[in-house]
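J.: sequence-free structure coming up:
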């Protein structure tokens, strides 16, 4: 009876570990790093097959925090390569020096919605993740405008 119980526990344990790997939908669970253009700190965390990403942009004029929910899926047969699409929102605070660059825009609070479309690659055998995406946004509160130039190359350390 003990051998049957031990065999059952071993099979259940291996199945649970395998199921956990399948449920994450990714080769990593969490990643922390930077996104180049505009410079941002990036944290990405997988919830099953999908992920949430938080971005913090800081400049001499102010800052912007962005939160995204991303749907991920495999891209071709390349291990670790995925495409993703998603959306979210941002909130930012800008100083009056913003007017020097863009005279029609006032400083202050900026709130809006964001989209994202990109590819994500976890380097096999290394704790590194690379991503490249486009992140268009619409600013709705504050100065209303469309910003199509956000996004870029992400380099993150994976956990």
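T.: Great, that's in hand. Just so it is clear, the model here is predicted, and its values are computed rather than measured.

J.: burial measure for residue 119, as a count.
T.: Residue 119: 14 surrounding residues under other C-beta atoms under 10 Å. (Each C-beta comes from the backbone N, C-alpha and C, glycine too.)

J.: Contacts only, for it.
T.: Counting by C-beta atoms under 8 Å, 6 or more residues apart in numbering, residue 119 touches 75, 81, 82, 83, 84, 131, 132, 133.

J.: The first one contacts residue 82, doesn't it?
T.: Which is residue 75. Yes - checked against C-beta atoms under 8 Å, the pair residue 75 and residue 82 is within contact range at 5.6 Å.

J.: And the lowest mean pLDDT element among the helices and strands of the chain?
T.: Across the helices and strands of the chain, mean pLDDT, DSSP states H and E gives its lowest value to helix 2-24, namely a mean of 40.

J.: before we move on, back to that, counting only strands, which of the contacts of residue 119 make the cut?
T.: Taking DSSP state E as the definition of strands, the contacts of residue 119 contribute 81, 82, 83, 84, 131, 132, 133.

J.: in which helix or strand would I find the most centrally placed residue in the chain?
T.: In the chain, the C-alpha nearest the mean C-alpha coordinate belongs to residue 53, at 3.2 Å (C-alpha atoms, centre = their mean). Using DSSP states H and E, residue 53 falls within strand 50-59.
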